[in-house]
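K.L.:
how would this look folded up:
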Amino acid sequence: MRDSFDYVIVGGGSAGCALANRLSADPGTSVLVVEAGRPDYKWDVFIHMPAALMFPIGSRFYDWRYESEPEPFMGGRRVYHARGKVLGGSSSINGMIFQRGNPLDYEKWARDPGMERWDYAHCLPYFKRMETCMAGADDYRGGDGPLVLERGPAENPLFGAFFEAVQQAGYPLTDDVNGYRQEGFARFDRNIKRGRRYSASVAYLRPAMDRPNLSVVTRALATKIRFEGIRAVGLDFTRRGASRSVRAGEVILCGGSINSPQLLQLSGVGNADELAALGVDVVHGLPGVGENLQDHLEVYLQYASKLPVSITPSLARWRRPIIGFQWLFFRKGAGATNHFEAGGFLRTNDAVEYPNLMFHFLPIAIRYDGSAPSEVHGYQVHIGPMNSDVRGSVKIKSTDPSVHPALRFNYLSTERDRREWIEIIRLARKILNQPAFEPFNAGELSPGSGVESDEEILKWVESDAETALHPSCSAKMGRDEMSVVDPDSMKVHGLEGVRIADASVMPYVTNGNIYAPTMMIAEKAADLILGNTPLPAEEVKFYRA
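P.N.:
Residues are numbered from 1 along each chain as shown. From the prediction side, this is the model:
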């Protein structure tokens with residue numbers, strides 16, 4: 001491997017894969033991707049079989065295995081956070097759900113100083129450029145991008161009952177939650193192509209790996225950005241116990257909302273007083289680094305089914321060889337789906353401008369990581385607030401890069417957040433107890449009939465809620481005193497030669513899973529980094545309540 005590159009991308013995750021492809025398209029530009037995790041080997045069934053998503057989560061081979069600090073409003077318990085430690089990043093271990101968020105998310109972004117070119121009209125062409133929507137291209141959806149999206153079939157009878165129940169409860173269906181109207185219920189787009197996970201690595205990085213100007217090094221932990229004054233000139237990293245250093249024309253951070261602020265802080269960029277207290281030589285005081293951390297918290301509302309129609313039997317150990325055979329040779333069967341095939345978005349009351357509640361419906365009762373499956377047939381919804389006003393932080397605790405930073409999310413710490421949780425649980429129960437579910441509904445498994453009052457609901461959320469795995473916003477774009485990244489260049493304020501292009505630059509978390517917005521940010525960042533004329537804004541109508 002050479003010792004100098006035009007661009008050094010730190011992190012071979014979702015955004016890093018997209019940037020590696022776009023930046024290395026010019027054969028005269030040299031690009032290095034430095035990834036701390038393992039390769040996403042083509043033979044690795046735990047990555048490429050959609051239904052195997054529960055296995056990488058919690059495994060030291062695929063997962064960073066973060067935990068929050070004790071959460072003061074959740075009984076002091078730590079909340080587990082899985083993040084991908086493999087090429088493709090979290091797109092190689094996530095639920096493969098593709099949701100752009102609501103157009104009004106980006107209108108909200110654009111209201112912040114300097115963010116005018118991040119409104120929906122300016123983001124839409126980048127969403128379209130990156131996708132091939134198998135349901136069909138139109139004014140809202142792309143048809144020839146690298147990322148293939150299949151629409152969930154949602155053929156299990158429980159999905160039919162769900163769609164009927166939401167209408168009985170007075171809520172609408174929609175044709176496409178990523179199109180004109182997000183509000184409502186529909187089959188979901190998924191990063192799956194012919195029964196295989198279609199991660200950012202598969203879509204972007206692997207097609208570019210043969211380029212002589214692109215180098216990818218795995219199992220390499222970035223330890224420090226090397227500065228000369230305020231200009232970044234290289235990156236230090238360790239690999240197989242040895243320290244390495246490369247020169248860089250520019251260093252681009254794509255480590256996500258935990259790793260990117262961590263590396264900046266280790267390198268002397270952040271809150272000057274806090275860094276000095278840890279013995280870090282301060283290169284540039286930037287108080288917003290690691291602040292404004294946001295996430296989605298969720299619970300599983302689970303019901304038992306009278307009829308044996310759920311996918312519970314597919315979890316039986318004796319069936320795994322059959323499922324594996326079907327998937328390996330035919331790309332079909334229970335192994336070829338992520339099971340998150342449908343859901344929707346609602347406003348909890350008419351005073352809310354746009355949806356603040358997301359539903360994922362699943363025809364089984366089980367935890368996200370595969371733990372604690374119900375032994376009976378069942379079904380569940382994953383639900384949680386989308387636009388919480390809770391804010392947290394990412395702070396290094398040590399100058400040792402291998403020590404995880406302190407993650408403080410402050411879940412349930414505001415009155416609005418707690419109020420929304422009560423509204424959400426009551427609304428979800430309203431839907432799941434409609435007549436459409438009567439042939440199936442054998443009673444609520446979790447939380448159960450003993451949780452009815454506002455206080456009981458909040459106590460259950462405190463003890464049972466999990467992260468939806470959407471950490472973001474910890475190095476936000478903008479022009480105020482707590483901003484970290486310039487919206488027009490992706491450069492870190494006050495520094496030269498350092499940019500960030502990942503979920504950490506969001507000013508506000510979007511309404512839905514964050515993989516799609518992260519990829520859009522990477523696509524747009526590539527043009528800004530290369531000095532290309534940005535794609536022209538596309539003014540289209542979108543639904544407003």
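
K.L.:
which regions of the protein sit below the pLDDT cut-off?
P.N.:
Flagging of the chain using pLDDT under 70 yields the residue ranges 313-319, 330, 367-375.

K.L.:
most residues in a single helix of it, which one?
P.N.:
The single longest helix within the chain, with elements called by DSSP state H, is helix 415-432.

K.L.:
So which other helices or strands are in contact with the following helix or strand past that helix?
P.N.:
Note on helix 415-432: by DSSP states H and E, the next helix or strand toward the C-terminus is strand 441-446. Contacts defined by 3 or more CB pairs under 8 Å, 6 or more residues apart in numbering; DSSP states H and E place strand 441-446 against strand 297-305, helix 415-432. Every residue, glycine included, has its C-beta placed from N, CA and C.

K.L.:
if you set the cut-off to 10 Å instead, what comes out?
P.N.:
If you count contacts as 3 or more CB pairs under 10 Å, 6 or more residues apart in numbering; DSSP states H and E, strand 441-446 packs onto strand 297-305, strand 378-385, helix 415-432.

K.L.:
Okay, buried residues for that strand please.
P.N.:
Residues of strand 441-446 classed as buried by neighbour count (16 or more other CB atoms under 10 Å): N441, E444, L445, S446.

K.L.:
ok, the third one touching A304?
P.N.:
Yes - taking CB atoms under 10 Å as the contact criterion, L445 and A304 are neighbours in contact, 5.4 Å apart.

K.L.:
shared neighbours of these two, anything?
P.N.:
A365, S374, V376, G378, Y379 (CB atoms under 10 Å, 6 or more residues apart in numbering).

K.L.:
most neighbours, which of those?
P.N.:
Of all the shared contacts of L445 and A304, Y379 has the most neighbours under the rule other CB atoms under 10 Å, reaching 29 neighbours.

K.L.:
Show me the beta-bridge partners of that residue.
P.N.:
Y303 (DSSP bridges).

K.L.:
just the one 4 residues further on next, same as before
P.N.:
The residues listed as beta-bridge partners of I383 by DSSP bridges are V299, F359.

K.L.:
Share the number of residues neighbouring the residue lying closest to Y171 once chain neighbours are set aside, please.
P.N.:
Of all residues not flanking Y171 in the chain, L346 sits nearest, at 6.0 Å (CB to CB, 6 or more residues apart in numbering). By other CB under 10 Å, 24 other residues sit near L346.

K.L.:
The one 10 residues further on too?
P.N.:
Around N356 there are 22 other residues, counting by other CB under 10 Å.

K.L.:
wait, doesn't it sit right on D350?
P.N.:
No - between N356 and D350 there is no contact under CB under 10 Å: 11.9 Å.

K.L.:
which secondary structure element contains R181?
P.N.:
Per DSSP H and E, there is no helix or strand for R181.

K.L.:
got the phi/psi numbers for it?
P.N.:
phi -130, psi 110 (degrees, to the nearest 10).

K.L.:
Can you give me the neighbour number for it?
P.N.:
Close neighbours of R181, defined as other CB under 10 Å, add up to 21.

K.L.:
how near is it to A25?
P.N.:
R181 sits 35 Å away from A25, going by CB to CB, to the nearest Å.

K.L.:
what's the span of stretch 483-493, first residue to last?
P.N.:
Using CA to CA, to the nearest Å, the end-to-end distance of stretch 483-493 comes to 8 Å.
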